[in-house]
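> got a sequence here, can you model it:
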Amino acid sequence: MTPPETPPATLSDDFAGSMGALFADSAPSAIGVAVSGGGDSMALLLLLHRWAQARGLALHVVTVNHGLRVEAAAEAALAGALAQRLGHSHDIVSWTGWQGQGNLQDAARQARRRLIAAWAASKQIEYVALGHTEGDQAETVLMRLARGSGVDGLSAMSARTEATEDSEGTGDTAGTPTTPVILRPLLGLSRAALRDFLRSENQSWADDPSNEDLRFDRIKARQILPQLAPLGIDAARLADVAENMQDARAALSFFAHEAARDMARLDLGDVIFERRALASLPAETRRRLLAHALRWISSARYAPRRAKLATLLEALQNGQGATLHGCLCLAGEKEIRICREYRAVEKLITPAASSAQQPWDQRWLAAGSDTAGAELRALGAAGLAQCPDWRQTGRPRAALLPAASLWQGDRVICCPATQIGEKSGITPRKSDIDFFAALLSH
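Numbering: from 1, shown residues only. Below is the predicted model:
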């Protein structure tokens, strides 16, 4: 009989060490855990149960049923049975949004993220543990190598991902809950070790047949890994690459943050860089700052592709304006201004009364009690015509057209960018300080 890859007792100690590193200061009073019924997440639940029980922490279990396979209900029931046996609450949340088009795995992943975020918010849970393993990390690195990813892409998954706004940048997800802090305490453990642990506990698990489906890039990466072993490229080595890239990413992010502090400022939601100072920075830092500004303004989850960013940077260096990621980049003599592209918000209308739940353009809220019946819209040419003194603001016309404005019928009653109405009538959802802090968290 082949001995276990990692003895169960050692594996439990390794897990406790990983959790201790994730909570160096103090552990929360409750933790959520996503369990699919598969081997990795079932092992996570057992390990997390013992760790939480020893510390008197509450554990809440959630299963996402994607509704894509008939076996999914039985797998959810398997997860629920283990949760119940261990004495923990268990909830099943279902996804019904698949239309049969596009990238199925990516759509399922994004849906899972949103559903878990909503579940965690309903339970007031700040931390949710996921069952990603060393193998998942290695496969992610391989797939991103194939895409020619840089440092950020090759850093793959972090053991702890801080809370972020769960925004897709599509304009239809505003008001969704803040994503909880994601914990991945199994990144240092292999699938084989976890299954040995389950066998030692006489605990069954479900095997998803899609894990053998070569239509998916992740499965191709999983099956090619053993063939790379003679070169010394295995899951552990690729996980080491990811960890090294995470260190490099942190250093680059810190430098970009310091550079932004010196030569960037915000102007009512627009990001402005000193042109000469930006041009003097290393190419990677320029790229990071520009990508961050575009994501900040567009509320997009992902930055543009490197090739598109390179084209934009070249245009700005040559004094040419350009559009990208739903943003307009204006190259002035001394400054580069990045603002919203008018086309991206031209038809976007949000009732002022509902802006707290669904901010206009995911960035702006109506304030005050005298906004009954009012709407948040872009200023546009019709609104600008009501602002005869707009040139005195010093802001270019192209940056004013997409400006957040409060309308009562056909009349603009507030537009901070053109100094119409009370400046406090429209407020940003996030502060200028958040812009700089986010450079360190992405």
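> if you count residues, where's the longest strand of the protein?
Taking DSSP state E as the criterion, the chain has its longest strand at strand 58-65.
> just checking: what are the partner strands of that strand?
Paired strands of strand 58-65, with direction, are strand 30-34 (parallel), strand 89-94 (parallel) (DSSP bridges).
> in the shortest one, which residues are buried?
For strand 30-34, the neighbour count (16 or more other Cβ atoms under 10 Å) marks Ile31, Gly32, Val33, Ala34 as buried. No exception for glycine: its C-beta is placed from N, CA and C like everyone else's.
> for the longest one, same thing?
Within strand 89-94, the residues that count as buried by 16+ other Cβ under 10 Å are His90, Asp91, Ile92, Val93.
> circling back to that earlier point, will you turn the buried residues of strand 30-34 into a markdown table that also has pLDDT and distance to Ile233?
Putting these into a markdown table (pLDDT from 0 to 100; distance: Cβ to Cβ, whole Å) gives the following:
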| residue | pLDDT | distance to Ile233 |
| --- | --- | --- |
| Ile31 | 96 | 34 |
| Gly32 | 97 | 35 |
| Val33 | 98 | 31 |
| Ala34 | 97 | 30 |
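> tell me which element Leu328 is part of?
Assigned by DSSP states H and E, Leu328 belongs to strand 327-331.
> how far does that strand sit from its chain's centre?
24 Å (Cα atoms, centre = their mean, to the nearest Å).
> which helices and strands does the following helix or strand past that strand pack with?
With elements assigned by DSSP H and E, the helix or strand that comes after strand 327-331 is strand 335-340. The contact analysis (3 or more Cβ pairs under 8 Å, 6 or more residues apart in numbering; DSSP states H and E) places strand 335-340 against strand 270-274, helix 275-279, helix 283-298, strand 327-331, helix 397-400.
> ok, now with 10 Å
strand 264-267, strand 270-274, helix 275-279, helix 283-298, helix 306-317, strand 327-331, helix 397-400 (3 or more Cβ pairs under 10 Å, 6 or more residues apart in numbering; DSSP states H and E).
> of all the ones you listed, which one comes closest to Phe436?
Closest approach to Phe436 among these is made by strand 264-267 (8.0 Å; Cβ to Cβ).
> would you turn the strands paired with strand 58-65 into TSV with distance to Pro230?
Rendered in TSV, the data for these read as follows (distance: least, Cβ to Cβ, whole Å):
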stretch	distance to Pro230
strand 30-34	36
strand 89-94	43
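> which among those strands is found nearest to Ala74?
Across the strands paired with strand 58-65, closest to Ala74 is strand 89-94 (Cβ to Cβ), at 11.9 Å.
> got the domain ranges for the chain?
For the chain, whose domains are defined here by automatic domain parsing, the residue ranges read 8-242, 247-343+434-441, 346-428.
> how about JSON lines for the helices and strands packed on strand 335-340, with mean neighbour count and distance to Ser158 added?
Below are the helices and strands packed on strand 335-340 laid out as JSON lines (neighbours: other Cβ atoms under 10 Å; distance: least, Cβ to Cβ, whole Å):
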{"stretch": "strand 264-267", "mean neighbour count": "18", "distance to Ser158": "25"}
{"stretch": "strand 270-274", "mean neighbour count": "21", "distance to Ser158": "26"}
{"stretch": "helix 275-279", "mean neighbour count": "16", "distance to Ser158": "28"}
{"stretch": "helix 283-298", "mean neighbour count": "22", "distance to Ser158": "17"}
{"stretch": "helix 306-317", "mean neighbour count": "16", "distance to Ser158": "21"}
{"stretch": "strand 327-331", "mean neighbour count": "21", "distance to Ser158": "27"}
{"stretch": "helix 397-400", "mean neighbour count": "18", "distance to Ser158": "35"}
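> returning to what we had before: which of the domains of the chain has the lowest mean pLDDT?
When these are compared by mean pLDDT, domain 8-242 comes last with a mean of 87.
> starting at the chain centroid, how far to that domain?
Remark: domain 8-242 is offset 15 Å from the chain centroid, using Cα atoms, centre = their mean.
> check stretch 337-351 too.
Here the centre of stretch 337-351 is set off from its chain's centre by 22 Å, with Cα atoms, centre = their mean.
> in that stretch, what counts as buried?
Arg337, Ile338, Cys339, Arg340, Glu341, Tyr342, Ala344, Val345, Thr350.
> OK, contacts around the last one?
Okay, so that is Thr350. 174-175, 357-362, 364-366, 375-377, 404 (Cβ atoms under 10 Å, 6 or more residues apart in numbering).
> again, only this time at 8 Å
Going by Cβ atoms under 8 Å, 6 or more residues apart in numbering, Thr350 touches Gln358, Pro359, Trp360, Glu375, Leu376, Arg377.
> look up the residues forming beta bridges with it.
Beta-bridge partners of Thr350, as defined by DSSP bridges: Leu376.
> what's the distance between it and Ser210?
Thr350 sits 39 Å away from Ser210, taking Cβ to Cβ, to the nearest Å as the criterion.
> I'd like to know which elements the strand or helix carrying Leu142 is packed against.
Take DSSP H and E as the rule and Leu142 turns out to sit in helix 134-146. Counting contacts by 3+ Cβ pairs under 8 Å, 6+ apart, helix 134-146 is packed against helix 151-154, helix 217-228, helix 235-263.
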